[in-house]
Structure formats: structure tokens, C-alpha cells
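Trainee: I'll drop the sequence and a predicted model, then ask my questions.
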Amino acid sequence: MVEAESKNFEGIIQKVERTEIVRLVSENVGSVQKYIIATMLLAEEIDSPLPTSYHSLLSEKIKQGVALLRLGFGSEEEFGKVQEMYQFNTGGYDFKLCVDCKKYQRMIIVDDRMLFFGIDGNFYQSSYSPLVNTFKEYFWSLL
């Protein structure tokens with residue numbers, strides 16, 4: 001049954017190994033042209049921040065005119081801490097707070113073309129437009 005179900009997603013969703021997720025996301029962010037939308041669990045970012053190189057890449061892309069829209073899930077205190085950690089001083093960066101952590105879904109979308117998301121500690125990628133659009137709708141519904 002599981003094998004049959006996984007074949008239904010072949011070509012739509014690809015599993016990404018935990019050891020490869022940051023590299024793959026960084027590669028896609030490196031080629032972004034228009035925008036990035038992303039969510040983050042604030043407590044997790046405070047306790048185990050992503051590599052400095054990743055945030056430097058984001059900063060460079062923002063300076064090049066790419067829009068970065070982030071939605072952080074957690075408390076106002078955690079939001080303030082993360083704002084201090086990552087000060088992208090430019091108009092292309094928008095960081096919003098959502099205090100309802102039950103609605104959190106780990107995800108990042110690069111230019112409408114590539115989606116990365118996490119479920120139960122596993123990571124996945126997809127360029128399947130209907131799935132990318134569903135995650136975009138989720139993101140925009142929370143703003």
C-alpha cells in the first residue's frame with residue numbers, strides 16, 4: 001500500500017534528505033529572480049539558527065531587488081529576538097508574526113517555481129504548480 005501511494009506522488013513531490021535540505025534551498029535561493037516567501041518557527045530559529053551563509057545569501061538577494069516575505073510563528077518576545085538576529089535593513093524584506101503556532105507549516109517558495117516543505121521531521125521539494133499554489137494560498141491566508 002505505501003509503495004503504491006508513493007508512486008502516485010512520483011514526479012510531483014521528491015523527498016529531500018535532512019543533510020541536503022539547506023544546500024538545495026540555498027541553491028534555489030541563489031537563482032531567485034523575484035521573490036521568496038517562507039515560514040519559520042521562531043523558537044526553533046532561536047535555538048538552532050540556520051547557517052550564517054544562508055542568511056548572507058538572503059541579504060545579498062534582497063539588495064539585488066528580490067522580495068523576501070517571512071511569516072514567523074511564536075510569541076511576540078520570540079519575534080523580537082529573531083528580528084534582532086536578522087536585520088535586513090531594506091525595503092525588500094517583510095517579516096510578520098503569527099501567534100497561532102497550530103497553523104505553522106514549514107515551507108519556502110522561490111519564484112513560484114520551487115517549493116520546499118517539511119512534515120514530521122521529513123523534507124520535500126516540488127515544482128508542481130498546483131501544489132506550489134496551494135502552499136502560496138496557505139501563506140497568504142495567514143497575513
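Mentor: Alright, I've got the coordinates.

Trainee: check contacts around residue 29.
Mentor: 36, 54, 57, 58, 61, 110 (CB atoms under 8 Å, 6 or more residues apart in numbering). Yep, even glycine has a C-beta here, placed from its N, CA and C like the rest.

Trainee: could you measure from it over to residue 12?
Mentor: Using CB to CB, to the nearest Å, residue 29 is found at 22 Å from residue 12.

Trainee: now whatever helix or strand residue 27 lives in: mean pLDDT?
Mentor: Taking DSSP states H and E as the criterion, residue 27 maps to helix 21-30. Average pLDDT, helix 21-30: 97.

Trainee: element containing the residue sitting nearest the centre point of the chain?
Mentor: Centrality entry for the chain: nearest residue to the mean C-alpha point is residue 108, 2.5 Å, by CA atoms, centre = their mean. Assigned by DSSP H and E, residue 108 belongs to strand 107-110.

Trainee: name the residues of that strand that are buried.
Mentor: 107, 108, 109, 110 (16 or more other CB atoms under 10 Å).

Trainee: OK, contacts around residue 55?
Mentor: residue 86.

Trainee: could you give the angle of the helix or strand where it lies to helix 21-30?
Mentor: Using DSSP H and E, residue 55 maps to helix 52-63. If you take axes from the mean of the first three to the mean of the last three CA atoms, to 10 degrees, helix 52-63 sits at 20 degrees to helix 21-30.

Trainee: as CSV, could you dump the C-alpha coordinates of the strand holding residue 108?
Mentor: Presented in CSV, the C-alpha positions along strand 107-110 are these (Å, rounded to 0.1, in the frame of the first residue of the first chain):
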residue,chain,number,x,y,z
MET,A,107,7.8,26.0,3.9
ILE,A,108,9.7,28.2,1.4
ILE,A,109,8.7,29.1,-2.1
VAL,A,110,11.2,30.5,-4.6
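
Trainee: please consider this matter closed, and thank you.
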